[in-house]
Structures are given as structure tokens and as C-alpha cells.
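Peer 1: just to be clear, the model below is a prediction. Sequence and coordinates:
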Protein chains: 2
Amino acid sequence: MSEPRASDVPPVLTGWRIGVVGLGLMGTPMARRLAAAGAELALWNRSIEKAEALASELRGVSAQPSPRHVAEASDIVIVMVTDADAVREVVFDPVDDQWGVLHGLAEDGIVVDMGTTGLSATQDLAGRLRMGGGNWIDAPVSGGTTAAEDGSLTIMVGASDPDFARVEPVLRVLGKRVTHVGAVGSGQVAKTANQMIVGMTIGAVAEAMALGRRAGVDPGLLREAIMGGFAQSRILELHGERMATGDFRARAKATIQRKDMRAALALAQTAGIALPGLETNAALWEAMVESGFGDLDHSALILAVDPPLED
Amino acid sequence: MSEPRASDVPPVLTGWRIGVVGLGLMGTPMARRLAAAGAELALWNRSIEKAEALASELRGVSAQPSPRHVAEASDIVIVMVTDADAVREVVFDPVDDQWGVLHGLAEDGIVVDMGTTGLSATQDLAGRLRMGGGNWIDAPVSGGTTAAEDGSLTIMVGASDPDFARVEPVLRVLGKRVTHVGAVGSGQVAKTANQMIVGMTIGAVAEAMALGRRAGVDPGLLREAIMGGFAQSRILELHGERMATGDFRARAKATIQRKDMRAALALAQTAGIALPGLETNAALWEAMVESGFGDLDHSALILAVDPPLED
């Protein structure tokens, strides 16, 4: 992971007090960019060493003993943890009433959840925070660690207009494409739609390549032939190449894609709409993981579509 | 339709004798480019006026009374007609033994079929031409009339190596991306794969947008939010915009897309592979056409996924 050079990031956040809760693969490079932009940063992580290492290395950065301490030292608290349960814990802390973000948040403070938390959990958490006097923003991201490092994340934001205006300068340091999709929860809906298109496009490319191979056409040449036309996609470009060469080292595991497809199915059920393409595609991911390919890259879906011959 | 300026096309085909059979929406701009590149062109069209108009307008271009006359005046004959039946007729002419391309083709002459003729018809036609002493190349295209005008077609070529070498300079005048996919028929397989990915990606985008709308998110903002990430595709860009704005004027009719999906299903059956995503998607196109949306643009698939409320 390369550290952003200070010269890459204009000092647009000088004087801003920002908290980051969660210093994993995504949270760490995001914190580095915020520090490089001049923000005063309060950090917390389950294993405190990561926060302390950043605090000793970067100017204006402090390690805090709890999410509550982060909130006390910040006007905006970014949460970047594993899943909805982890978000619930660090913000509301059901065990010890003094530990979570909620208990240190100033009146009218903002929590920005940048994880993939889902719509229904987000609506629940946002409502609880509102009752406690805070404001919730959901801002899930797409793009992975490289995009987090160079500030080119795609960020899908659900927020009220005034809340979005307050956090926009912060989000623009982290992402190249920052879209205010709508009210709280809209960012999660966009993220679900994004993951659903990814899964279904991988399915389309996998089936087309499998068909081509069965009809005697080299998958690499097939991909090359159709790249310029209406079949063009990031998936054809990147995942299509992995399928053609059989390079299935996990950049994103099939188990994660399956989780995303399950989330999309759940949202469709809540929204009361039947989506036959999604249902068929989700079943393919289930079959793939059941076949033992769950730890491979999601491009390995082609192995479920057209299994290699047994010896 | 704008005429290519001579200055746009280098005179790389000076001295080449090329025939074009079929002067429809695609054949006409292709003939113009070949003439602009300096080729000696022999043209035939079912309604002779189109050939005569081009002949009177452009240097080195002649209108011919039959496909046979085109073949007699050419070393390479490009066929660009509606479907497999039309290709069969203009090349082999079951009615009058003196009318079709076959009867005028020089020993070792080449027929380049640039239509979407399908694999099995292509294998049949290519075999018949070979017995008659000619060589078949399938070179279906993607990109539409605009790409035909400015020479930026995607061309997927099935041919023997020496045949490909003979026609490559001609194809490069017509297309920006010209890929030699494999033996005769491979171009048709690639085209089928291309159309199948297009249909399935339209399905993915339509279902994602319908889900977003049901969950309260504006489709236009949803599209904008996810354009930069892994969900990016030409379909999301172009057809996604049509879905968001409800602009379903036909650029490519849903009935044509349905035909392509049926062709893909047939190829999958021949190749002996089950493709569940394709099957589900093809059923959606059938349902859409049955609902009376067949003459709309294929982006209108979203109307089949999430029908507008009745009054």
C-alpha cells in the first residue's frame, strides 16, 4: 500500500476535525488521504496498534481508546467496518453504554457509514441515531484498495441535502465520483444495484465465453473481437481476461459476490418486485460456492457455467 | 447519412476490384468508403436505383444487373443482405442458374458475408461454395450505420489464414477493430456471443434500475452513481440513459434482439451446453414482445421487468 504524497492532495481539510472508526484495508488508506489533506484526525481500531502506528507517523493524527473518544474529538465520524453488525456495535454499543460513537457525538454530529450495510439495517440505524440527536449518512464505496489509496473511489451517498453539503468536501478527498443519490439509504440501494449488475454481467460474459469455447472459438480472441462494440464493459475487460487465461486468484472472492446477490434478492423481496434474471444469476453463485469454488475470484463463475472435464 | 470525404480515407484500395451485393442501411455507407479508398466497385441491389445513384455519383463505381455480374467484375464479393435466406439466394440462386454470385465467381474467388447469418447456415453455405470452387469468409459487424459511415465498425472474422490475409486491407477500410477470431464460422459465433451479452446486460441494467426505482431511488442518479465502477458498460451508459429518461424510440428494435437471443439459444443447444442466464433472459425478451413492446428500442426491456401502472 503506497502512502499518498502530500503533494497529491491539496490541503482542503485544514481545520476539519474528522474521526475514522475502522482501519482495515479500506479505512487505513482513507485515513492517510484525509491526513494528507490537512484534517485533524481521531482514529480508533479494534486492534489499537494500527491507530497508534498512524498517529506516530502522521501529523495531526491521534489514536483513541474507544469509538466514543473518536466522536468526542470529531465533528464528522466516518465508520468503515465489516458489516451491519459491526456498524451497530461501534455506534450504539449494546454492552457498555459509554463506549460507542453515539455517546460522544456532539448535538447535530454526523456519522458517515461508508460500508456496505444494506438498506434495511441503514434505515434502522439512521432512525436510532436521529432519536439520539445525530445525523446519519450512508456512503458506500466501489473501487477497492487501489482506489482508496489514490482517492478515486466511487462513492454513492444517501443523505439530506444539508448533511450532504456538510460532508461533501471530505468525500471529494476520498472519491473521484461522488454522487448524492437521494435520501438516507439511497447510497445502499445504489451499492446493491451496482453489485447486482456486476454479478449478472459476470454471468453474461461467462456464459458467452463458455458458449464460444464449446463452438470452437478461443475465449481470448472472442473477448478481443467484441471489446469495441455494445458488449463492452469493465467486466468483459477485466474478468473476461481472467476467464480467458484461467487466472482465478481472488481479487474479490466468489463468497462475497454471493453475499451481495443474496442482499439484492432480499431488497427485491422487500421492494415487492420479481427479478427473474437476478434470481437465476444468484442461483448460479450458490451453485458455484457449493461446488467448492467460493475462495476463487468471482470471475471463476465460468467454472460453474462450464465445468472443466474430470480426469 | 454523411458521405465520407475523400481526404478521410487513404487510397489504399487503388486497383482492387470489389463487389458489394446489398445496398441497405449498412451496405450503402460501406460502398461509399470502399469507393473513397480507391476501389473499383461493382454494385448490385434488389432495387437497382440505389446502385445506379451511387454509380452516377462516384468515380470507378458501376451498377450491375445481377449478383452474377457483380462477381464477374470482382475479385472479392461483399454480401450485406437481411438474413441467411437472402444470403443463400443472392449467392446460390436456386431459381435461375445464371443469376447468383456463384455463377460469376472466378476460380478461388472470395465471398465475404458481413451479415448476421448464424453458425449453422454459414457452415452450410461455406461448404457449398467450396464445392463450387470459391472461398467463404464470415465477417459480421457491430456498430450500426454511424460506424459504417466513419469506418469504425467492429468486424468479427471467420476465415482461413490465407483468406483473411487477402481481405484484411478491405476490412480495415470498413472497421476500426477487425479481429480474426478463427476458422470459417467463428465470426458468427463471436457475433452471437456479442448479441447475447448485449441482451443479458440490458436485462441486468433494467432489473437494477427497476429495483432502485421501487426502493425510491431516481434511475438517472442511480446510473450516474455507478457509472465509474465495476458496473460500467456501454449498455449502462447508453441504454441506461434511455431507461432513465423513458426514451424508447427504436435504434435497435426489441424484435431484433429477440431474434438474436433465439439464435443464441439455438447455438447453445447445438453446442450441447445449458446456459441458465441466457434462457431466463431470452424468456424476458419473448414476454416483452408478447406484451406489445416489440417495435420499441431494446432498452424498453425495463417495461417488461417493471410494467408501468395501469390507469
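Peer 2: Thanks, I have it.

Peer 1: please enumerate the helices of the stretch 51-200 of chain A.
Peer 2: In the stretch 51-200 of chain A, the helices defined using DSSP state H, counting those that start in this stretch lie at A:67-72, A:84-92, A:119-131, A:144-150, A:161-174, A:186-214.

Peer 1: quick one: the third one near chain B?
Peer 2: Yes: part of helix A:119-131 sits close enough to chain B to count as contact by C-beta under 8 Å from any C-beta of the partner chain, namely A:L119. Backbone N, C-alpha and C define where each C-beta goes, glycine included.

Peer 1: any idea which of the helices of the stretch 51-200 of chain A is most buried?
Peer 2: Highest mean neighbour count of those: helix A:186-214, a mean of 28 (counted as mean count of other C-beta atoms under 10 Å in any protein chain shown).

Peer 1: same list, the helices of the stretch 51-200 of chain A, but as TSV with mean pLDDT please.
Peer 2: Below are the helices of the stretch 51-200 of chain A laid out as TSV (pLDDT from 0 to 100):
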stretch	mean pLDDT
helix A:67-72	97
helix A:84-92	95
helix A:119-131	96
helix A:144-150	91
helix A:161-174	98
helix A:186-214	98
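
Peer 1: in a markdown table: these, plus distance to B:M261.
Peer 2: Formatted as a markdown table, the helices of the stretch 51-200 of chain A follow (distance: least, C-beta to C-beta, whole Å):
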| stretch | distance to B:M261 |
| --- | --- |
| helix A:67-72 | 52 |
| helix A:84-92 | 38 |
| helix A:119-131 | 32 |
| helix A:144-150 | 33 |
| helix A:161-174 | 41 |
| helix A:186-214 | 12 |
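
Peer 1: identify whichever of these lies nearest to B:L54.
Peer 2: For B:L54, the closest of the helices of the stretch 51-200 of chain A is helix A:186-214, at 36.7 Å, according to C-beta to C-beta.

Peer 1: check whether that closest one comes near chain B.
Peer 2: Yes: Helix A:186-214 is in contact with chain B by C-beta under 8 Å from any C-beta, via A:186-187, A:189-190, A:192-194, A:196-198, A:200-201, A:203-205, A:207-212, A:214.

Peer 1: A:T201 versus the residue nearest to A:A204 when sequence neighbours are not counted, what's the distance?
Peer 2: Of all residues not flanking A:A204 in the chain, B:M200 sits nearest, at 3.6 Å (C-beta to C-beta, 6 or more residues apart in numbering or on different chains). Remark: distance between B:M200 and A:T201 (C-beta to C-beta, to the nearest Å) = 8 Å.

Peer 1: again with A:E224
Peer 2: A:E224 is 18 Å from A:T201, by C-beta to C-beta.

Peer 1: just A:A264 next, same as before
Peer 2: Using C-beta to C-beta, A:A264 is found at 13 Å from A:T201.

Peer 1: low-confidence ranges in chain A?
Peer 2: Within chain A, the segments meeting pLDDT under 70 span A:1-7, A:95-96, A:309-311.

Peer 1: strands along that one, start to end?
Peer 2: Taking DSSP state E, the strands of chain A run over residues A:17-21, A:40-44, A:61-63, A:76-79, A:110-113, A:135-138, A:141-142, A:153-158, A:175-182.

Peer 1: what sits up against the second one?
Peer 2: With C-beta atoms under 8 Å, 6 or more residues apart in numbering or on different chains as the contact definition, strand A:40-44 has outside contacts at A:15-23, A:31, A:34-35, A:50-51, A:54-55, A:58, A:60-67, A:69-70, A:73-74, A:90.

Peer 1: now do 7 Å
Peer 2: For strand A:40-44, contacts defined as C-beta atoms under 7 Å, 6 or more residues apart in numbering or on different chains pick out A:16-21, A:23, A:31, A:34-35, A:51, A:54-55, A:60-64, A:66-67, A:70, A:73-74.

Peer 1: name the strands paired with it and say parallel or antiparallel.
Peer 2: Paired with strand A:40-44 in the same sheet, following DSSP bridges, are strand A:17-21 (parallel), strand A:61-63 (parallel).

Peer 1: mean neighbour count and distance to B:V170 added to the ones you listed, as CSV?
Peer 2: Converted to CSV, the strands paired with strand A:40-44 look like this (neighbours: other C-beta atoms under 10 Å in any protein chain shown; distance: least, C-beta to C-beta, whole Å):
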stretch, mean neighbour count, distance to B:V170
strand A:17-21, 27, 60
strand A:61-63, 20, 64
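
Peer 1: which of those strands sits closest to B:I155?
Peer 2: strand A:17-21 (51.3 Å).

Peer 1: now the spatially most central residue of chain A, nearest residue through space, not along the chain?
Peer 2: The centre of chain A sits closest to A:V141, judged by C-alpha atoms, centre = their mean, with a distance of 4.0 Å. With C-beta to C-beta, 6+ apart as the measure, A:L153 is the residue that lies nearest to A:V141, at 4.5 Å, once sequence neighbours are left out.

Peer 1: pretty sure the one you found is touching A:R172, no?
Peer 2: No: using C-beta atoms under 7 Å, A:L153 makes no contact with A:R172, being 10.4 Å away.

Peer 1: is A:T154 in contact with A:R177, as I believe?
Peer 2: Yes: look at A:T154 against A:R177 with C-beta under 7 Å: they come within range, at 4.7 Å.

Peer 1: give me the common contacts of those two.
Peer 2: Residues touching both A:T154 and A:R177 (C-beta under 7 Å, 6+ apart): B:G228.

Peer 1: so between those two, which is more surrounded?
Peer 2: A count of neighbours by other C-beta atoms under 10 Å in any protein chain shown puts A:T154 above the other of A:T154 and A:R177, at 25 against 20.
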